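Engineer: sequence and computational prediction follow.
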Amino acid sequence: MPYVKEGITRVCIRPLALDIVAGEPAVSIGAVEVTWDSNQEGRWHQVYVNGHLAGVTVQSDDRRLVVSAPVGRDGVESMLLVEVVAVDAADCWTDFGADLTGFGAECGTRVRLTWQAGLYLDSGLESFDVFADGRTGTLDYTMPLNEAPIPAAEEGQARWGFGCGGFGVGGYGRSAACYEWTSDGLEPGTWRFAVMTVDRAGNRQATAADVSVDVTPVPRPPTEFRLSSYDPQAGIAMLDWEPSPDV
């Protein structure tokens, strides 16, 4: 096996504190510190965050790494799935994310929408907005999910350009342009999304795409760990916690 998970324990994730401001640590947005214990001597260690290769140790004896964490509109996502594996030097930057248990391409808390433009892609179309139903079954058109409008044409040019569609591609010219949007972390369940066109006056014109997606990520971890009792003579602590809502 090109990577090894055995012998890697005590994986801990902490916000990266860069400085002290008003007596409190100033936390870096979008970065976390990952530490672990490992008996895999002579191997390098990779850190995966939410199924993506986030970093590789510089030396084989490193047991700490600062990696990027997904950031949405509300800051760093509340659920980060972190896994540390050991690899040989030749596989330092080989991405095994799709092979790790629970980190397959079908897992995760994000949804990526892609759609192809149609005949509505005319000179009056300015952008697209994405809406969702919040797992209620009814789309909420009051507030788009995208932080900024998704431009229909960048610098006046549709993303595939004029005359780039051709036969068999599903469109021709500007109507063959393709677009993409990725959500922030989502709660498990069935979500319905709609993509709407917006003209230069800010009016929503038509629905470019409407789809339902089942979000079934790896179960969320338990939370609110707390000490229920401690026996100092035996050195035994008893903990309580709130179980994962997904199991």
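Structural biologist: Okay, I see it.
Engineer: tell me the bridge partners for D199.
Structural biologist: L125 (DSSP bridges).
Engineer: could you double-check that it sits in contact with L125?
Structural biologist: Yes: D199 is within contact range of L125, at 6.1 Å (criterion: CB atoms under 8 Å). For glycine as for every other residue, the C-beta is placed from the backbone atoms N, C-alpha and C.
Engineer: more crowded one of those two?
Structural biologist: L125 (21 against 17; other CB atoms under 10 Å).
Engineer: how about the contacts made by the more buried one?
Structural biologist: Residues in contact with L125 (CB atoms under 8 Å, 6 or more residues apart in numbering) are A152, A153, T197, V198, D199, Q205.
Engineer: now for D199 and L125: what residues contact both?
Structural biologist: Common contacts of D199 and L125 (CB under 8 Å, 6+ apart): Q205.
Engineer: and for F131, the neighbour number?
Structural biologist: 21.
Engineer: I'd like the numbering to begin with 18 instead of 1 from here.
Structural biologist: With the count now opening at 18, the last piece we talked about shows up as F148.
Engineer: pretty sure it is touching P161, no?
Structural biologist: Yes: at 5.9 Å, F148 counts as touching P161 under the criterion of CB under 8 Å.
Engineer: domain ranges for this protein?
Structural biologist: Per automatic domain parsing, the structural domains of the chain span 20-108, 129-232, 237-264.
Engineer: pLDDT weak spots in this structure?
Structural biologist: Within the chain, the stretches with pLDDT under 70 are 18, 34-46, 88-96, 118-125, 134-140, 171-193, 225, 234-238, 263-264.
Engineer: one step back: which one of the domains of the chain lies nearest to L117?
Structural biologist: domain 20-108 (5.8 Å; CB to CB).
Engineer: just how off-centre is the closest one within its chain?
Structural biologist: Centre-to-centre, domain 20-108 and its host chain are 15 Å apart (CA atoms, centre = their mean, to the nearest Å).
Engineer: mind checking the end-to-end distance for that domain?
Structural biologist: 8 Å (CA to CA, to the nearest Å).
Engineer: and for stretch 85-105?
Structural biologist: Termini of stretch 85-105 sit 23 Å apart (CA to CA).
Engineer: alpha carbons only: can I get stretch 200-211 in CSV?
Structural biologist: C-alpha atoms of stretch 200-211 as CSV (Å, rounded to 0.1, in the frame of the first residue of the first chain):
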residue,chain,number,x,y,z
SER,A,200,-21.2,25.9,-2.2
ASP,A,201,-20.0,26.4,1.3
GLY,A,202,-20.3,23.5,3.8
LEU,A,203,-23.9,22.2,3.9
GLU,A,204,-25.9,20.3,6.4
PRO,A,205,-26.7,16.7,5.4
GLY,A,206,-30.0,16.2,3.7
THR,A,207,-31.7,16.8,0.3
TRP,A,208,-31.1,20.3,-1.1
ARG,A,209,-32.8,21.9,-4.1
PHE,A,210,-30.8,24.5,-6.1
ALA,A,211,-31.8,26.9,-8.8
